[in-house]
Every structure is written in structure tokens, then in C-alpha cells.
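Peer 1: Sequence below, structure please.
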Amino acid sequence: MNAAYRQLTIFQLLLTGHTVAKAQLAEKFGVSSRMIQRDLGQIRQFIADQQLFYQLRYHRQSGGYQLEATQAPISKQAILLLIKIALASRSLTKAEMSRTIDGLLQLISPADQAEIRPIIKNERFYYQPVHHGQPLLKTVWELSRFINQQQTIVITYQRQHREIVTRTILPEAIIFSEYYFYVVAYNAKYHSNLFYRVDRIRQLHTTNQTPITRTRAERFEDGEIRRLVHYMQPGKKITLRFKFWGIVEAALDRFPTATVIDRYPDEGAVLIEATAFDRGAQMWLLSQGAQVQVLAPTEFVTHLRTELQRMLARY
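Peer 2: Residues are numbered from 1 along each chain as shown. Okay, here's the model as predicted:
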């Protein structure tokens, strides 16, 4: 066994939470304690050179060396929540979800992994991804790099009714909503930011065409859009008011800009005002049935009334 392989083996033991003693390692590898001391020195130097968040320390009580994190490690509780959220999203193929879960588990100790695996076993076994079946990890990463580089790209895109189109776009943000990843991109042809579902992108590549440029003021603000867009339906920005008889927190969570501006204790209702894009807001409001009554703006109320009449006509 050469020195490099021996040092990698020792480093792996340290990374997985083991305490390593010079005498035991010397016996295991058939080398002198001085050679093991040199190996530990090389590992310590590697940690410093790579600026890793670890420190190799000798613990007199245990009689060996341990690797200590120099910043707060991620907790097993946080890893469990991240895995639960990932599984609930249903956004990745089974293979990608499996690799993602295994990667997250590797961030914690073997003992913590053993504690978490039974908790997620059933949910992991019955995991059912959404139906598009497209791997996303590579595409999301490539799009993220293009966003950082402000790089104009060409995509081959499958629209809702399987029509294939080619679009030249400037990707500006990636957003996850309601089971799907979307890239928000500026399309110069339409002079507008449009939403493209990442799983419907069949090909993407850079282009030698004149790049699309946007000033800092024109750039898309993904944090702002999350406050206003629902179901990834942009539409027209409106300030709406509606009486609500349901669980108030559910409405406030759905509309991050919402505030309760009046209460009707006798009716068990509240009056809510929120700024949102009309198309996504309409989808949620209609889903609430008789729990909601939209009062403003007038044009939006008229549109809702027409839509409700069309719905009733189907019954």
C-alpha cells in the first residue's frame, strides 16, 4: 500500500467520525509510528491548503486524533427536513431523488444516518415522481451557470400541446413551484420575461448571435416575483380585496403580500387585501369555493363572475 492510499484511508476514517490512534494505524498498515505521524501531518497540511472547515486535533482522553468541524455542522434534524421536503416535491426522477437523498445523508455521521433511514424508508420506497420523467439536475445546473454568466442561450422547447419550438432567451432566474422547476427568461422577440418549464427543455446551447443585454434595473427579481405569482401564472398585477371565511393563515400564506384589513366576528369572516398577478390569484380563489367573496377590483370581479357562470354551465 503506497503512502497516498494510506493517507486517503486515514482521512476517510476521520471524516466518518472515527478516532485514529498512531499505534493502531501503524499496526494496521505495517509501518512505523513515525510514518503515521508524517501521514497525519500531510492530512493537516491538505486541510489548510484546501481551506476545509476542519481541524485535526489530538484528544488525550481518547488517545487519538479526531477531525473537528470549525463551523457549525448541519444537524440530523435539518437533513431529515430537507429529505422530507425533497420527497414531497416529487420533482425529480426516482434515480435522481435516490442520489440526492444519499448525498444529503453523507453530510452527517453514520450513527445519524442510521437513525434517519428507518424514518424515511416507507416514504422513499413509495416515492412517485411527477409524470414527465425528465432528469433535471444537470439542466438546472447548466441554466444556473448561464444565469450567473448572463449568457444568451438557444433552447428547443416542447410547448403544452407537444409543439416543438426554438427560442433565444436570456435566463434570469430558476424558481420551483407546484412540483415543477421553471426558468424565468427574457425573450427579446416578445419584449417580456416568460416562464419555461425546465422539464420541457429538450436541448439548450450557447449562441453566436448578438447577446441579449439587460440593465441592472431591468433584471428580473426572483424574490419579488415569489411574492406575487401563484401557480407560475404571471398575468396582470392587481390589488385585490376579498372576504374570507376559511382558515385565515392559509390565505395569508398563499398571498405573502396579504394583510387583514377588517374583521367580521358575527360572520366568522375577515377582509383581506393583497397584491398579486390576476391569473394565479384567480386559480386559488376559485379553488376556495363558497369560502371566499372577491370584492375588488371591479374588472377582476366581473371576470370571476363570468368564469363561475361558465363553470356552473358544465353542471
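Peer 1: since we're on residue 8, how many residues are nearby?
Peer 2: 13 (other Cβ atoms under 10 Å). All C-beta atoms are positioned from the backbone trio N, CA, C, and that covers glycine.
Peer 1: Does residue 25 touch residue 10 like I think?
Peer 2: Yes: the pair residue 25 / residue 10 is scored as a contact, 6.5 Å apart, by Cβ atoms under 8 Å.
Peer 1: Could you name every residue contacting both of the two?
Peer 2: 36, 39 (Cβ atoms under 8 Å, 6 or more residues apart in numbering).
Peer 1: Is residue 144 in a helix, a strand, or coil?
Peer 2: helix (DSSP: H, G, I helix; E, B strand; the rest coil).
Peer 1: OK, contacts around it?
Peer 2: residue 174.
Peer 1: Distance of it relative to residue 55?
Peer 2: 32 Å (Cβ to Cβ, to the nearest Å).
Peer 1: got it, and residue 297?
Peer 2: 60 Å.
Peer 1: can you count the residues close to residue 177?
Peer 2: Quick note: residue 177 (other Cβ under 10 Å) scores 15 neighbours.
Peer 1: Ok, residue 185 next?
Peer 2: Residues near residue 185, counting by other Cβ under 10 Å: 26.
Peer 1: Bridge partners for the residue lying closest to it once chain neighbours are set aside, pull those for me.
Peer 2: Counting by Cβ to Cβ, 6 or more residues apart in numbering, residue 185 lies nearest to residue 169, which is 3.8 Å off, once chain neighbours are set aside. Beta bridges link residue 169 to residue 153, judged by DSSP bridges.
Peer 1: isn't residue 32 right up against residue 25?
Peer 2: No: counting by Cβ under 8 Å, residue 32 does not reach residue 25; the two are 10.5 Å apart.
Peer 1: Show me which of these two is the more surrounded one.
Peer 2: residue 25 (22 against 11).
Peer 1: hang on, that one is in a strand, isn't it?
Peer 2: No: read with three-state DSSP, residue 25 is helix and lies in no strand.
Peer 1: mind checking pLDDT for it?
Peer 2: pLDDT recorded at residue 25 is 90.
Peer 1: how close does the residue most central in space within the chain sit to residue 140?
Peer 2: Centroid-nearest residue in the chain: residue 176, 6.4 Å away (criterion: Cα atoms, centre = their mean). Residue 176 sits 9 Å away from residue 140, going by Cβ to Cβ.
Peer 1: The host helix or strand of residue 58 pairs with which strands?
Peer 2: Counting by DSSP states H and E, the element that carries residue 58 is strand 54-59. Using DSSP bridges, the strands paired with strand 54-59 are strand 64-69 (antiparallel).
Peer 1: Check which helices and strands the helix or strand following the strand it pairs with sits against.
Peer 2: Toward the C-terminus, strand 64-69 is succeeded by helix 76-89 as the next helix or strand (DSSP H and E). Contact partners of helix 76-89 among helices and strands, from 3 or more Cβ pairs under 8 Å, 6 or more residues apart in numbering; DSSP states H and E: helix 94-105, helix 110-125.
Peer 1: Buried deepest among those, which one?
Peer 2: helix 94-105 (a mean of 15; mean count of other Cβ atoms under 10 Å).
Peer 1: okay, the angle between that one and helix 76-89?
Peer 2: Comparing the axes of helix 94-105 and helix 76-89 via axes from the mean of the first three to the mean of the last three Cα atoms, to 10 degrees yields an angle of 170 degrees.
Peer 1: which sections of the stretch 101-250 of the chain are below the confidence cut-off?
Peer 2: 220-232 (pLDDT under 70).
Peer 1: can you map out the strands along it?
Peer 2: 153-158, 164-177, 180-187, 192-197, 201-206, 237-244 (DSSP state E, counting those that start in this stretch).
Peer 1: Quick check: which of those is buried the most?
Peer 2: Note that of the strands of the stretch 101-250 of the chain, strand 180-187 is the most buried (mean count of other Cβ under 10 Å), with a mean of 21.
Peer 1: What strands flank it, and is each parallel or antiparallel?
Peer 2: strand 164-177 (antiparallel), strand 192-197 (antiparallel).
Peer 1: Including distance to residue 96, could these go into JSON lines?
Peer 2: Shown next, in JSON lines, are the strands paired with strand 180-187 (distance: least, Cβ to Cβ, whole Å):
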{"stretch": "strand 164-177", "distance to residue 96": "14"}
{"stretch": "strand 192-197", "distance to residue 96": "16"}
